[in-house]
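Colleague: sequence first, then the predicted structure:
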Amino acid sequence: MNSEDKKLLKRVTLLGILKKQKGESIEEVIDSLVATGSYSPTEAKKLLKELKSEGLINKMGNLTMKGNKFAKEAEAMFKQ
């Protein structure tokens with residue numbers, strides 16, 4: 001996976017977390033993205049670890065303030 005693909009997957013993942021339903025877990029969000037073929041379960045785990053290390057999501061799987069900002073930027077990008 002090249003760096004542009006990885007950037008796109010990060011944006012999609014952050015947006016998925018931003019748009020998750022009340023009571024929906026991060027695992028359910030990731031499972032739905034895996035089911036669409038966006039990435040494999042192994043890639044998803046690796047990506048989540050990166051998002052946590054970059055301070056975009058917390059240990060509970062919620063967006064941090066920084067993650068929320070990036071997710072909203074991704075949402076605006078996809079609406080264009």
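Modeller: Happy to help now that I have it.

Colleague: nearest residue to the most centrally placed residue in the chain other than its sequence neighbours?
Modeller: Nearest to the geometric centre of the chain sits Thr13, at 1.9 Å (Cα atoms, centre = their mean). Spatial nearest neighbour of Thr13, excluding adjacent residues (Cβ to Cβ, 6 or more residues apart in numbering): Leu47 at 6.0 Å. Backbone N, C-alpha and C define where each C-beta goes, glycine included.

Colleague: what about that neighbour, how many residues nearby?
Modeller: Using other Cβ atoms under 10 Å, Leu47 has 20 other residues around it.

Colleague: quick check: next helix or strand after the strand or helix carrying it?
Modeller: Taking DSSP states H and E as the criterion, Leu47 maps to helix 41-53. Remark: after helix 41-53, the chain's next helix or strand is helix 65-79, criterion DSSP H and E.

Colleague: ok and that following helix relative to helix 41-53, angle-wise?
Modeller: 130 degrees (axes from the mean of the first three to the mean of the last three Cα atoms, to 10 degrees).

Colleague: can I assume Phe70 is in contact with Leu14?
Modeller: Yes: if you go by Cβ atoms under 8 Å, Phe70 and Leu14 touch, sitting 5.5 Å apart.

Colleague: higher neighbour count, those two?
Modeller: Using other Cβ under 10 Å, the more surrounded residue of Phe70 and Leu14 is Leu14, with 23 against 19.

Colleague: tell me the buried residues in the strand or helix carrying that one?
Modeller: Using DSSP H and E, Leu14 falls within helix 3-18. The neighbour-count check on helix 3-18 (16 or more other Cβ atoms under 10 Å) flags Leu8, Leu9, Lys10, Arg11, Val12, Thr13, Leu14, Leu15, Gly16, Ile17, Leu18 as buried.

Colleague: can you give me the pLDDT of the closest residue in space to the fourth one that isn't next to it in sequence?
Modeller: The shortest distance from Arg11 to any residue that is not its chain neighbour, by Cβ to Cβ, 6+ apart, is 3.7 Å, and that residue is Ala74. The pLDDT attached to Ala74 in the predicted structure is 94.
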